[in-house]
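**Student:** missing the sequence, but the structure's below:
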């Protein structure tokens, strides 16, 4: 008599469906791996673009540094150094200029009557003001007085005064000569800007 024994263990539910689950898991793994490769490739391309930009920026930086060194060598040249010193000197003079002579002349000519002439003008700085000394000649005392009143009423002049009350009359004419007077000229925006 022959007895056949089946020693095989019956497959569990897990083992029975393992093959069925292997196919979707494999597809899922391949899809995930594909996505990872795509993201990696895109990141690599972005890295290459950024690296190219960095390289170009580095090249520009090196070119600018080279130009800077060439300019520094040129500035160290004695002729260039002299020119730079001259430019600094001229710029310093321009910064120190506070009064525009054309502006001062325009302000004064607006105030001078027809029968008064300006003989001399002297100017000396006093802070933001300029101390002016006029020497004028007028047809008569009223003409001189009109000019002085015009100065006092002007917003550009202050502290108007006659230095010497003794007018000098010219020989035969009634003209008053060399009447010295002083005033302070206020430097405004137009004058300080050099217009």
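**Tutor:** Nice, I can see it. These figures come from a predicted structure and were not determined experimentally.

**Student:** What segments of this structure are strands?
**Tutor:** Taking DSSP state E to define them, one finds strands in the chain at 116-126, 129-138, 157-162, 168-169, 176-186.

**Student:** looking at the ones you listed, which one has the lowest mean pLDDT?
**Tutor:** Comparing mean pLDDT across these, the lowest value falls on strand 168-169: a mean of 50.

**Student:** Span of stretch 137-145 from start to end?
**Tutor:** The first and final residues of stretch 137-145 sit 11 Å from each other (CA to CA, to the nearest Å).

**Student:** buried set for that stretch?
**Tutor:** Taking 16 or more other CB atoms under 10 Å as the neighbour-count basis, stretch 137-145 is seen to contain the buried residues 137, 138, 139, 143, 144. C-beta: built from backbone N, CA, C; applies to glycine.

**Student:** For residue 20, which of the strands of the chain is the nearest?
**Tutor:** Checking the strands of the chain against residue 20 by CB to CB gives strand 176-186 as the closest, at 101.5 Å.

**Student:** Report all helices and strands that that closest one contacts.
**Tutor:** Contact analysis of strand 176-186 by 3 or more CB pairs under 8 Å, 6 or more residues apart in numbering; DSSP states H and E lists strand 116-126, strand 129-138, helix 141-153, strand 157-162, strand 168-169 as its packing neighbours.

**Student:** let's go with 10 Å and repeat that
**Tutor:** The criterion is 3 or more CB pairs under 10 Å, 6 or more residues apart in numbering; DSSP states H and E, and the helices and strands that strand 176-186 contacts are helix 101-111, strand 116-126, strand 129-138, helix 141-153, strand 157-162, strand 168-169.

**Student:** Of all the ones you listed, which one is nearest residue 35?
**Tutor:** Scanning the helices and strands packed on strand 176-186 with CB to CB as the criterion, the closest one proves to be helix 101-111, at 76.8 Å.

**Student:** Check which residues of that closest one are buried.
**Tutor:** Within helix 101-111, the residues that count as buried by 16+ other CB under 10 Å are 103, 104, 107, 108, 111.

**Student:** Quick check: mean pLDDT of it?
**Tutor:** The average of the pLDDT scores along helix 101-111 is 79.

**Student:** about what we covered before: JSON lines for the helices and strands packed on strand 176-186, including distance to residue 8?
**Tutor:** Formatted as JSON lines, the helices and strands packed on strand 176-186 follow (distance: least, CB to CB, whole Å):
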{"stretch": "helix 101-111", "distance to residue 8": "117"}
{"stretch": "strand 116-126", "distance to residue 8": "119"}
{"stretch": "strand 129-138", "distance to residue 8": "119"}
{"stretch": "helix 141-153", "distance to residue 8": "128"}
{"stretch": "strand 157-162", "distance to residue 8": "124"}
{"stretch": "strand 168-169", "distance to residue 8": "147"}
